[in-house]
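# got a sequence here, can you build the structure:
(chains A and B)
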Amino acid sequence: GAVVSQHPSRVICKSGTSVKIECRSLDFQATTMFWYRQFPKKSLMLMATSNEGSKATYEQGVEKDKFLINHASLTLSTLTVTSAHPEDSSFYICSARDLRSGGRDKNIQYFGAGTRLSVL
Amino acid sequence: AQSVAQPEDQVNVAEGNPLTVKCTYSVSGNPYLFWYVQYPNRGLQFLLKYITGDNLVKGSYGFEAEFNKSQTSFHLKKPSALVSDSALYFCAVRDRNYGGSQGNLIFGKGTKLSVKP
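As a prediction, the model looks like this:
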């Protein structure tokens, strides 16, 4: 299957600092990328969707100034958690799709391995 | 409203026995249906999908699922469970009438599968 690389896998930071998480599609071009947050024993909560070169579309209740998303190329999206607080501690997962004709199976979303963020 | 229901928080199966993980959905139009598996501290791995055609779809690791339109279900099955199948399983749906193929996935809350030796 397609490979989505997410880095770092784990990060511990102090309250008030900013953390950047990278998501790369290694063997396909991701026209659309998604960022999810997963709470313990809970399903995935979609935070935002981004199309390459466009501003991200945030889900209701997600602060766009708090969670900055950049999707500058077809292989890279970043999520920056600004001024992190302990309540931002969570498991963040990125996902990507290739919606172009002739590309990867556009029906499938491919997921990164996730980033465990712990804010002290 | 679109939704996916996985009625069981946990399914326990003995190794070698068949397993079923249940999923029902509610969408306004015809669905695209998916199963993903998540191992501890990992992202989701795609298992299988139903888009159109044969109601029985086969996927990775010997898993299969059957689309039942009348019951709006898409249960995941495997004839003989392995201990290594123990993981968290998510059913997901995309509504053709809501964004079409570009619509977002709606996930169920997940079912933890535990396979004992």
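# tell me the residues of chain A that contact chain B?
Listed as neighbours of chain B in chain A under the rule C-beta under 8 Å from any C-beta of the partner chain: A:1, A:4, A:6, A:9, A:32, A:34, A:41-44, A:46, A:49, A:91, A:93-95, A:99, A:106-114, A:116. Placement of C-beta: from N, CA and C, glycine included.
# which residues of chain B lie near chain A?
B:32, B:34, B:36, B:41-46, B:49, B:51, B:90, B:94, B:101-102, B:104-105, B:107-110.
# apply 10 Å and report the result again.
B:4, B:6, B:9, B:32, B:34, B:36, B:38-39, B:41-46, B:48-51, B:60, B:88, B:90-92, B:94, B:101-102, B:104-110, B:112 (C-beta under 10 Å from any C-beta of the partner chain).
# among those residues, which lie within strands?
B:4, B:32, B:34, B:36, B:38, B:44-46, B:48-50, B:88, B:90-92, B:94, B:106-107, B:112 (DSSP state E).
# show me how to select, in ChimeraX, the buried members of the residues of chain A next to chain B.
Applying 16 or more other C-beta atoms under 10 Å in any protein chain shown to the residues of chain A next to chain B, the buried members can be selected in ChimeraX as follows:
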select /A:4,6,32,34,43,44,46,49,91,93,94,95,106,108,109,110,111,112,113,114
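# so in terms of bridging, what pairs with the residue of chain A found nearest chain B?
When scored by C-beta to the nearest C-beta, chain A has residue A:111 as its residue closest to chain B, at 3.8 Å. Here residue A:111 shows beta-bridge partners residue A:95, assigned using DSSP bridges.
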